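Visitor: curious how this folds, go ahead:
(one chain, ligands or ions: 2)
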Amino acid sequence: MHDQFPTRRGERLDMFPRLDPVVHSRYKQRWDGPLSEESLSRYERDGYLWFDGFFSQERMAPFFDELREIAEDRELMESDQVIINPDSGELRSVFSMHTLSDRFSKLTQDPRILGMVRQLLGGDVYIHQSRINDKFGFQGRGFDWHSDFETWHSEDGMPRMRAVSASLMLTDNNEFNGPLMLIPGSHQYFVPCTDLTPKDNWRESLQSQSVGVPDKIDLRRLADNGNIQAPKGPPGSLLLFECNTLHASNSNMSPWPRSNLFFVYNSIDNPLSAPYCGQPPRPEFLATRSHIAPLDMRELPLYGLPKA
Ligand code: 6CS
Ligand code: FE
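Guide: Numbering: from 1, shown residues only. Ligands and ions are numbered 1, 2, ... in the order given. You can find the predicted model right below:
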């Protein structure tokens with residue numbers, strides 16, 4: 001099978017311009033939504049959009065509380081979908097949050113998020129992956145540079161660049177606690193990586209990624225060109241980033257936690273095929289393959305009002 005995004009072939013391959021639209025509603029389908037022409041153009045140029053204080057802090061608090069409950073749940077903490085930081089034994093990531101919790105599931109259907117996501121992807125979407133990344137104070141480890149699409153293509157068989165991550169801040173993200181860093185404009189190139197994918201790579205890569213990290217020469221070129229940005233803001237801030245935008249984060253050296261929630265939306269016209277790296281598919285909690293149905297918008301009750 002010819003692969004239009006060759007990567008992890010055991011040899012260095014040159015990066016090349018992306019083959020897919022960034023804002024899909026401009027091309028194949030016209031799909032209206034809440035984003036202005038200015039925002040769409042900015043997303044097209046930078047590969048992400050930042051919304052400071054998109055939701056209120058009060059609205060985020062129950063999600064953070066639920067995360068703390070998970071950390072207390074012995075059985076869940078021992079399951080494969082919870083990733084532990086090998087240095088500290090503390091929680092690093094919880095995958096498939098939307099199947100674990102009704103509250104998280106409903107949030108994936110919030111009209112304010114879903115409207116923008118559908119507009120960017122030009123039609124109906126489903127959740128490819130959801131997770132919380134949690135960096136405890138003083139010890140939360142970082143993530144090396146990568147494009148999510150590079151992993152999802154090679155390890156999950158995602159055919160095209162037609163997915164977007166919505167990342168909601170559950171805590172403050174500031175310069176001390178390891179906020180996400182992005183390279184604006186890097187989504188415009190596919191950067192092949194060199195090392196072959198080992199079997200069950202996810203067991204290693206979700207703790208500390210080494211395969212799927214671009215060459216330093218390519219990273220420098222893209223960062224020299226687009227610089228590096230680290231959006232910062234209070235709980236409830238939202239980052240929408242294109243699946244191929246290069247990103248990384250440092251460890252959390254502050255005493256405060258940094259917890260971010262991620263929903264990855266994929267177009268229903270871009271369902272997974274066999275992994276391009278030749279390994280068996282990863283578990284369903286990392287990459288949805290079955291029961292793919294378009295997400296509907298679900299209006300939620302008003303927040304902040306006392307219960308009737
Ligand atoms: O393997 C994955 O699917 C993931 N790994 C990283 C480092 N980022 C995105 C995604 O959660
Ligand atoms: Fe990532």
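
Visitor: do you know how far W50 is from R221?
Guide: Applying CB to CB, to the nearest Å, one obtains 24 Å for the distance of W50 from R221. For the C-beta atoms, the positions are set from N, CA and C on the backbone; glycine is no exception.

Visitor: tally of neighbours for the residue lying closest to S96 once chain neighbours are set aside?
Guide: In space, S96 comes closest to F285 once its chain neighbours are excluded; the distance is 4.0 Å by CB to CB, 6 or more residues apart in numbering. For F285, the neighbour count with other CB atoms under 10 Å is 19.

Visitor: F285 belongs to a strand, doesn't it?
Guide: No. With the criterion set as DSSP: H, G, I helix; E, B strand; the rest coil, the secondary structure at F285 is coil rather than a strand.

Visitor: that one against T99, yeah?
Guide: Yes. Under the criterion of CB atoms under 8 Å, F285 makes contact with T99 at 7.4 Å.

Visitor: got the contact list for whatever helix or strand F241 lives in?
Guide: Assigning secondary structure by DSSP states H and E places F241 in strand 238-242. Residues lying outside strand 238-242 but in contact with it, judged by CB atoms under 8 Å, 6 or more residues apart in numbering, are 22, 43, 47-51, 54-55, 113, 116-117, 120, 161, 164-169, 180, 182, 187, 231, 247.

Visitor: export it as PDB, just CAs?
Guide: Included here for strand 238-242 are C-alpha records, laid out as PDB according to Å, rounded to 0.1, in the frame of the first residue of the first chain:
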ATOM      1  CA  LEU A 238      -9.300  26.500  25.600                       C
ATOM      2  CA  LEU A 239      -6.800  25.600  23.000                       C
ATOM      3  CA  LEU A 240      -7.900  24.200  19.700                       C
ATOM      4  CA  PHE A 241      -4.900  22.800  17.800                       C
ATOM      5  CA  GLU A 242      -4.600  21.100  14.500                       C
END
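
Visitor: show me the strands paired with it, marking each as parallel or antiparallel.
Guide: Applying DSSP bridges to the sheet, strand 238-242 is found paired with strand 48-51 (antiparallel), strand 163-169 (antiparallel).

Visitor: residues near the closest residue to ligand 1 within the stretch 151-300 of the chain, how many?
Guide: The nearest approach of the stretch 151-300 of the chain to ligand 1 comes at T151, 4.5 Å away (CB to the nearest ligand atom). T151 is surrounded by 26 other residues when neighbours are defined as other CB under 10 Å.

Visitor: please enumerate the strands of the stretch 151-300 of the chain.
Guide: Counting by DSSP state E, counting those that start in this stretch, one finds strands in the stretch 151-300 of the chain at the ranges 163-169, 180-182, 189-190, 238-242, 247-249, 258-267.

Visitor: ok, the stretch 1-150 of the chain next?
Guide: Applying DSSP E, counting those that start in this stretch to the stretch 1-150 of the chain gives strands spanning 16-17, 48-51, 82-84, 91-95, 125-135, 143-146.

Visitor: TSV for those, including mean pLDDT and mean neighbour count?
Guide: Below are the strands of the stretch 1-150 of the chain laid out as TSV (pLDDT from 0 to 100; neighbours: other CB atoms under 10 Å):
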stretch	mean pLDDT	mean neighbour count
strand 16-17	98	10
strand 48-51	98	20
strand 82-84	94	18
strand 91-95	94	23
strand 125-135	96	24
strand 143-146	96	20
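
Visitor: CSV for these, including distance to S36?
Guide: Below are the strands of the stretch 1-150 of the chain laid out as CSV (distance: least, CB to CB, whole Å):
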stretch, distance to S36
strand 16-17, 26
strand 48-51, 11
strand 82-84, 37
strand 91-95, 33
strand 125-135, 20
strand 143-146, 30
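
Visitor: a markdown table for those, including distance to ligand 1?
Guide: What follows is these, written out as a markdown table (distance: least, CB to the nearest ligand atom, whole Å):
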| stretch | distance to ligand 1 |
| --- | --- |
| strand 16-17 | 22 |
| strand 48-51 | 14 |
| strand 82-84 | 9 |
| strand 91-95 | 7 |
| strand 125-135 | 6 |
| strand 143-146 | 5 |
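
Visitor: I'd like to know which of the ones you listed is closest to L295.
Guide: With respect to L295, and counting by CB to CB, the nearest of the strands of the stretch 1-150 of the chain is strand 125-135 at 5.9 Å.
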